[in-house]
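Visitor: Fold the stuff below for me.
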Amino acid sequence: MTASTIRGVNHIGITVPDIEAATAFIIEAFGGQLIYQSFGPNDPPRQGHEFERAVGAFPGTVVRGQAMVKIGTGPDIELFEMHGPEQAQPVRASDFGITHFGVYTDDIDTAVERFEKAGGTALTAPRAIPYATEKGPGNKVCYCRMPWGTTIEFITTPDQMAYHAQTDLRRWQDDD
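Guide: As a prediction, this is how the structure comes out:
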């Protein structure tokens, strides 16, 4: 393997209004595990021109906490508590940019129920996947929102997806 080979998605960063509440939610809603917290509300914040330039933050943004949380076997979730003079609302599916991330589950009904009990909101009940390439008798999807507005997709595909007939490439959760 060469140094330039991409091995996969390492983590997904999410800005949240309260690092402690968000960490607790991820742990409760997904059975997540806190890997580490680099700094929190009681530590000196990260701020200033160099920070703003390095991450593309709006001038005057202050970071009050950072935590790395593991859920399942996919990428880790990196949480940042940031506050600034100009912050947009969480993106919608129709906005440009990253609009959601998906988590695979073997039991979508139980996963969504757990998510809701932890404080999240399901946009619909789990439903059949509508895309011809992903359809299968038991294949389902459900979009939800975390308490601070980030959208997440729960997906389960116990039945082979139709795209298998179109390519030898496989999504990571596909065994065959």
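
Visitor: V16 versus the nearest residue to Q37 once chain neighbours are set aside, what's the distance?
Guide: Of all residues not flanking Q37 in the chain, A67 sits nearest, at 4.3 Å (Cβ to Cβ, 6 or more residues apart in numbering). C-beta coordinates here come from the backbone N, C-alpha and C atoms, glycine included. Distance check for A67 against V16: by Cβ to Cβ, to the nearest Å, it reads 9 Å.

Visitor: Show me whatever sits in contact with both of the two.
Guide: Counting by Cβ atoms under 8 Å, 6 or more residues apart in numbering, the shared contacts of A67 and V16 are 22, 79.

Visitor: In contact with A93, which residues?
Guide: 99-100, 143, 151.

Visitor: tell me the SS of it?
Guide: Following DSSP: H, G, I helix; E, B strand; the rest coil, we place A93 in the coil state.

Visitor: What residues are bridge-paired with the residue nearest to Q37?
Guide: Q37, L79 (DSSP bridges).

Visitor: any idea of the pLDDT on it?
Guide: Model confidence at A67, given as pLDDT, is 96.
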